[in-house]
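Undergrad: Kindly return the folded structure for what I paste below:
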Amino acid sequence: MRVALGLAVCGFFLSSVAPLRAENKHTYPESGIVAQITTEDGTVYTIQTADKTYRMQCVWASLFQFTPPLCTIAGRPIAVDDTIHFRVDREGSSIARIAAPGRGEEKLLILSTELTAPPRLPASTGAGGAESCAVVGNGVERGDVQKMVQSRTSSSMPGGPVTAIPVTGGPPVLMTPTGPADGGVVTGVPVTGGAPVTAVPVAPVETGSSGPPTMVTETTWTPFLRVQTARRIFELACPSRPCWVKDRAPMLGNLLTIRVKNNKAYLAWGTAGPKGEQGFRILRAAPIAAAQTQP
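TA: As a prediction, this is how the structure comes out:
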C-alpha cells in the first residue's frame with residue numbers, strides 16, 4: 001500500500017503540471033540501445049550510447065497506479081534492443097526526456113552515467129602521494145537503513161486535519177477526519193464545508209495512539225563520483241548531486257588529481273596543494289582489472 005500511495009501521489013503532482021504540447025519542438029541528440037531492463041526497484045533501463053552507459057529509471061506515473069511506471073516508445077513499453085533517442089535537461093542534470101506523442105515527453109531519472117573508455121591519463125606529478133585520475137562515472141547509489149520507530153495503530157484517529165486526494169479524483173482537500181485512518185485512506189469532512197469524502201493522504205498520517213516500537217527499513221540514495229587512476233577505480237560519496245570539487249562540478253572525462261589518506265580521498269583540479277583539495281568518503285576501491293569485471 002505504501003508503494004501504491006507513493007505512486008498515486010507522484011502521479012497526481014505530475015498530472016497537475018500542464019503537459020507539453022503534442023507538437024513537441026525538442027530535439028533528441030542522444031541515441032542509444034537498450035541493453036537491459038530491470039524491475040526490482042522500479043523500471044530501470046540500461047542504455048548504451050557510442051561513448052557512455054546510462055542507467056535510467058522511468059518516473060512517469062498515473063493516478064492510483066499500482067505497478068512500477070513503464071516508459072513507452074511508438075505506443076508500447078520500451079523493450080531490450082530498442083533504440084532510444086533522448087535529451088538530457090542540461091550538463092550534469094539527473095533528468096533525461098524522450099518524446100511521447102500525444103503527451104509531449106516522458107521523464108526518466110538518470111541513476112548513473114559511465115564512460116565506455118576513460119581518457120588517457122598524464123603522468124602523475126603530484127606531491128604527497130597524489131596521482132592523476134579521470135572522472136569516469138557519476139550517479140546515485142541505493143541503500144537500505146533499518147531503524148526502530150514508534151508504530152502507530154492503523155485504526156486510530158488522526159490527530160488533526162490532513163491534506164488528501166479524493167479517491168474519486170480532483171485536487172487535494174484539507175479535511176477533518178471523522179473516522180480512523182485505515183488501509184491507506186481516511187474519511188473526513190472538508191474544512192471549507194461539504195459532504196464527507198474518502199481520500200488518500202498526501203503525507204503519512206499521524207494518529208492519536210501508538211503501538212510498540214517496530215523495525216522499519218528506509219531507502220537512502222547516496223550521490224557518488226567514480227574516478228579512475230592508472231591502477232584503481234574509486235567510488236566516492238558526495239554530499240550532493242552533482243558533486244563539487246571546490247569551485248565547480250567535475251564532468252565525465254575531466255582530469256583531476258587524487259590523494260588517498262585514512263579511507264578518504266582528496267580531489268583537486270590540477271596539482272593544487274592541500275588548500276585546493278576537496279575531501280570525499282571512499283565507498284569502495286578496486287584494482288582496474290577487478291573493477292572492470294564487475295557486472
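Undergrad: Contacts for the strand or helix carrying residue 266, please.
TA: Assigned by DSSP states H and E, residue 266 falls within strand 264-268. With contacts defined as CB atoms under 8 Å, 6 or more residues apart in numbering, strand 264-268 is touched by 130, 133, 227, 234, 236, 245-246, 250, 256-260, 274, 276-282. Bear in mind the C-beta positions are built from the backbone N, C-alpha and C, glycine included.
Undergrad: If any of the residues you listed are buried, put those into a ChimeraX selection.
TA: A single ChimeraX command suffices to select whichever of the contacts of strand 264-268 are buried according to 16 or more other CB atoms under 10 Å:
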select :130,133,227,234,236,245,250,256,257,258,259,260,276,277,278,280
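Undergrad: Keep only those of the contacts of strand 264-268 that are in strands.
TA: Judged by DSSP state E, the contacts of strand 264-268 include 133, 227, 234, 236, 256-260, 278-282 as members of strands.
Undergrad: ok, back up a step: direction included, what does the strand holding residue 266 pair up with?
TA: Strand pairing for strand 264-268, using DSSP bridges, gives strand 255-261 (antiparallel), strand 278-287 (antiparallel).
Undergrad: between those strands, which one is nearest to residue 149?
TA: Among those, strand 278-287 comes nearest to residue 149, with 26.4 Å by CB to CB.
Undergrad: Dump the closest one to CSV, restricted to CA.
TA: The C-alpha coordinates for strand 278-287 follow below in CSV (Å, rounded to 0.1, in the frame of the first residue of the first chain):
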residue,chain,number,x,y,z
GLN,A,278,38.1,18.6,-1.5
GLY,A,279,37.7,15.5,0.8
PHE,A,280,35.4,12.6,0.0
ARG,A,281,34.5,9.4,1.8
ILE,A,282,35.5,6.3,-0.1
LEU,A,283,32.6,4.0,-0.7
ARG,A,284,34.8,1.4,-2.4
ALA,A,285,38.0,1.0,-4.3
ALA,A,286,39.2,-1.8,-6.6
PRO,A,287,42.1,-2.6,-8.9
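Undergrad: List the contacts of it.
TA: Against strand 278-287 from outside (CB under 8 Å, 6+ apart): 141, 222, 224-225, 231-238, 243-246, 260, 263-268, 294.
Undergrad: which among those end up buried?
TA: So, by 16+ other CB under 10 Å, the buried ones in these are 222, 224-225, 232-238, 243, 245, 260, 265-268.
Undergrad: Tell me how many other residues crowd the nearest residue to residue 27 once chain neighbours are set aside.
TA: With sequence-adjacent residues excluded and distances taken as CB to CB, 6 or more residues apart in numbering, residue 27 is closest to residue 87, at 6.9 Å. Per other CB atoms under 10 Å, the neighbour tally for residue 87 reads 17.
Undergrad: Quick one: mean pLDDT over the strand holding residue 266.
TA: Mean pLDDT, computed over strand 264-268, is 94.
Undergrad: what pairs with the helix or strand encompassing residue 187, and is each one parallel or antiparallel?
TA: In the assignment (DSSP H and E), residue 187 maps to strand 186-190. Sheet pairing of strand 186-190 (DSSP bridges) gives strand 173-177 (antiparallel), strand 197-201 (antiparallel).
Undergrad: Where among these is average confidence lowest?
TA: Across those, strand 197-201 gives the lowest mean pLDDT, at a mean of 83.
Undergrad: From residue 69, how far off is residue 108?
TA: Per CB to CB, to the nearest Å, residue 108 is found 10 Å from residue 69.
Undergrad: correct me, but residue 54 touches residue 95?
TA: No - applying CB atoms under 8 Å, one finds residue 54 not in contact with residue 95, separated by 11.9 Å.
Undergrad: Looking at those two, which is more packed in?
TA: residue 54 (23 against 14).
Undergrad: Which positions in stretch 95-108 come out as buried?
TA: Using 16+ other CB under 10 Å as the test for burial, stretch 95-108 gives 96, 97, 98, 99, 100, 104, 105, 106, 107, 108.
Undergrad: The fourth one is in contact with residue 84, isn't it?
TA: No - under the criterion of CB under 8 Å, residue 99 makes no contact with residue 84, lying 10.0 Å away.
Undergrad: which residues do those two both contact?
TA: residue 73.
Undergrad: What strand or helix carries residue 289?
TA: Going by DSSP H and E, residue 289 is part of helix 288-292.
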